[in-house]
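Novice: Quick one, structure for this:
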Amino acid sequence: MPKPHPGMLPVPGARLYYEVRGSGPALLLISTGNGDATPYGPMADALADRYTVITYDRSGFSRSTLEGPVDDARRLEQEVGDAVHLLGHVAGGPAHVFGACSGAIVALALLTRHADRVRTLIAHEPPLASVLPDADRWSRFHTEVYEVYRRSGADAAKDMFKEHLGMATARPPKGSELPPDQLAELQARLRRNHLFWMEHEMRTYPDSVLDMAALESAAGKLILAGGRDSREHFPYRPNAVLAERLGTAVVDFPGGHLGCVTHPFEFARLIDGLIASAARGPA
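Specialist: Numbering: from 1, shown residues only. Next up is the predicted model:
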């Protein structure tokens, strides 16, 4: 199993913690709503024999520290800038990109603003409510979850959120678990990350508006993905809408919204196959 090489990268307003594994074409994995690079570990390890795999804690999460107060209105723009700086520092050119959950929202924004930095982009279930016909309903729901968080705490809000979105607890497969000391460290980081996510992402990222003209112009680089077990749930729906607008289809991945954690090796095989297929071009 390849050992990740950690680093710290100063970027405007933050210091990013990142890890690099393997060798080959650069592949950037943008973390989910928990913001931490570690849950991608088994999937990154499985890809490292074919790619230079870059994982990182998104700014404000875990080991990536901010240097000032959060500007929620500009946070997504900052995250796109973080990805651009990280790719420039590690990859030195365009890269393949995978993002899941909130990370998929960041990835889509990266594609619309810096398509020249992206070779292939796989976006797995971005919870982008703004593209849905019932966007207002979901905006109200996220506000209600935030109010529960402020009134009753993070655990109550998280339970409400997961119940309405059909999300089950995500655990890696047997043999991929972290040692107890590393697991305890991760769990402590994730508890802090949940608070940051509820304060600074849960309400704003789903409401962010995509530049559809830019997305359409870069659609040849885009692969929309969703979990086989989450087709009836909210996080799957935005990609279904985007697929219809772009004249493409959603590629099924195993598991649900967090299949990248529960099915990391199947995800790795699919990601590799999709990248290879995109490189060959249309049949």
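Novice: Lowest average confidence across helices and strands of the chain, where is it?
Specialist: helix 154-165 (a mean of 85; mean pLDDT, DSSP states H and E).
Novice: tell me which residues in that helix are buried?
Specialist: For helix 154-165, burial by neighbour count (16 or more other Cβ atoms under 10 Å) applies to 154, 157-158, 160-161, 165. The way it works is simple: take the backbone N, C-alpha and C, and place the C-beta from them, glycine included.
Novice: what ranges of the stretch 151-283 of the chain fall below the confidence cut-off?
Specialist: Counting by pLDDT under 70, the ranges of the stretch 151-283 of the chain that qualify are 166-170, 281-283.
Novice: hang on, the earlier thing: go through the buried residues of helix 154-165 and say which is closest to residue 65.
Specialist: residue 154 (20.6 Å; Cβ to Cβ).
Novice: any idea how far the closest residue to that closest one other than its chain neighbours lies from residue 240?
Specialist: Closest residue to residue 154 apart from its sequence neighbours, by Cβ to Cβ, 6 or more residues apart in numbering: residue 194 at 5.2 Å. Going from residue 194 to residue 240 by Cβ to Cβ, to the nearest Å gives 27 Å.
Novice: Ok, residue 102 next?
Specialist: Counting by Cβ to Cβ - residue 102 and residue 240 are separated by 18 Å.
Novice: Compare those two (neighbour count), which wins?
Specialist: In this view residue 102 and residue 240 are compared by other Cβ atoms under 10 Å, and residue 102 has more residues nearby, 25 against 15.
Novice: what's around the nearest residue to the more buried one once chain neighbours are set aside, how many residues?
Specialist: Here the nearest residue to residue 102 in space, its sequence neighbours aside, is residue 33; by Cβ to Cβ, 6+ apart that works out to 4.2 Å. Here the count is done by other Cβ under 10 Å, and residue 33 has 24 residues near it.
Novice: Dihedrals phi and psi, residue 33?
Specialist: Backbone geometry at residue 33, expressed as degrees, to the nearest 10, gives phi -60, psi -20.
Novice: do the same with residue 175
Specialist: phi 90, psi -10.
Novice: how close does it get to residue 42?
Specialist: Distance from residue 175 to residue 42, by Cβ to Cβ: 9 Å.
Novice: Compare those two and say which is more crowded by neighbours.
Specialist: Neighbours were counted for residue 175 and for residue 42 using other Cβ under 10 Å; residue 42 has more, 23 against 6.
Novice: Could you tell me which residues make contact with that one?
Specialist: 172-173, 176, 264-265 (Cβ atoms under 8 Å, 6 or more residues apart in numbering).
Novice: try residue 214
Specialist: Under the criterion of Cβ under 8 Å, 6+ apart, the neighbours of residue 214 are 111-113, 115.
Novice: what comes up buried for the helix or strand harbouring it?
Specialist: Residue 214 is part of helix 212-217 when elements are defined by DSSP states H and E. Across helix 212-217, burial judged by 16+ other Cβ under 10 Å covers 214-215.
Novice: Going forward, the N-terminal residue is numbered 868.
Specialist: Yes, from this point I'll number from 868; that puts the last item at helix 1079-1084.
Novice: can you dump the C-alpha coordinates of that helix into CSV?
Specialist: Extracted in CSV, the C-alpha atoms of helix 1079-1084 (Å, rounded to 0.1, in the frame of the first residue of the first chain):
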residue,chain,number,x,y,z
MET,A,1079,-24.7,26.8,-17.2
ALA,A,1080,-23.3,28.3,-20.4
ALA,A,1081,-19.7,27.6,-19.1
LEU,A,1082,-20.8,24.1,-18.0
GLU,A,1083,-22.3,23.4,-21.4
SER,A,1084,-19.1,24.5,-23.2
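Novice: I'd like the next helix or strand past it.
Specialist: strand 1089-1094.
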